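Student: have a look at this prediction, sequence included:
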Amino acid sequence: MAYWLFKTEPDTFSIDDLSNRSNQTEPWDGVRNYQARNFLRDDVTEGDSVFIYHSSCKTVGIAGIATISRSGYADSTQFNPESAYFDPKSTPENPRWFCVDVTFKEKFARMLSLKQIKSMPQITTLALVKKGSRLSVMPVNENEWEILCRAARESKA
DNA sequence: GCCAACGTTGGC
DNA sequence: GCCAACGTTGGC
C-alpha cells in the first residue's frame, strides 16, 4: 500500500473529468518520461492511493484523491499513429510506455494549493516542492500523505 | 561518451 | 507570455 501524486493539466483532464467517467475510472496514459514510466511500470500497485494534482492552471495544487484500480500495463496510445502520444519506436512485444488505471475517490472541498504546500515545514522530501522538479508521477511517503490530507480537509484558502 | 542544441514543463 | 530548469537527441 503506497501513496503517489500524479500531475494533470485540468484543461485536458481534471478530477471532475475523472469523477464523470463511467465507473469513475480512466487509464492514466500519455506519460512520456522514463522516471515516471518506471514508477508506473514497477511500483504503482492496485489499491494504492493517489493525489490528483492540477498543474498549469489558475490555481495549482492537489484537487483530490483517486485509487489505483489496475497496476501497470502497456499504454495503448503509443501504438496509435493518430495519437499525440504515438511512439514509432515502441512495439507491442516490447512496449516502452506504461499506464495504470485510476478510480475517483474524493474531491477536496477546497484545493490544497501549491503555495500552501510549500508553506508547510513538514513537507520536505516531496519531489513537488524540490526546485526544478518536473516529475509528473512521484511517490509520497505515508507521513506526508497524512499531513497533506489533514491540511486539505482543514483548508480554507 | 561528451555536450550543444533543441523541445518541454510548469510556476509565475 | 516569460523564462528557468530539465530531459532528450544526435553529431562527433
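Tutor: Perfect, I can see it now.

Student: longest single strand anywhere in chain A?
Tutor: strand A:98-113 (DSSP state E).

Student: elements contacting the following helix or strand past it?
Tutor: Remark: after strand A:98-113, the chain's next helix or strand is helix A:114-118, criterion DSSP states H and E. Counting contacts by 3 or more Cβ pairs under 8 Å, 6 or more residues apart in numbering; DSSP states H and E, helix A:114-118 is packed against strand A:61-74, helix A:142-154. Every residue, glycine included, has its C-beta placed from N, CA and C.

Student: from those, which stretch is densest packed?
Tutor: Comparing those by mean neighbour count (mean count of other Cβ atoms under 10 Å), strand A:61-74 ranks first with a mean of 20.

Student: partner strands of it, parallel or antiparallel?
Tutor: Each strand paired with strand A:61-74, and its direction, by DSSP bridges: strand A:49-54 (antiparallel), strand A:98-113 (antiparallel).

Student: chain A against DNA strand C: which residues are in contact?
Tutor: Residues of chain A found near DNA strand C (Cβ under 7 Å from any atom of the strand) are A:33, A:34, A:35, A:131, A:132, A:133, A:134.

Student: also near DNA strand B: which of the residues you listed, exactly?
Tutor: The subset of the residues of chain A next to DNA strand C within reach of DNA strand B, counting by Cβ under 7 Å from any atom of the strand, consists of residue A:134.

Student: the residues of chain A next to DNA strand C: which two are farthest apart?
Tutor: For these, the farthest-apart pair by Cβ to Cβ is A:34 and A:131; their separation is 20.6 Å.

Student: neighbour count winner among those two?
Tutor: Neighbour count, other Cβ atoms under 10 Å: between residue A:34 and residue A:131, residue A:34 has more, with 10 against 4.
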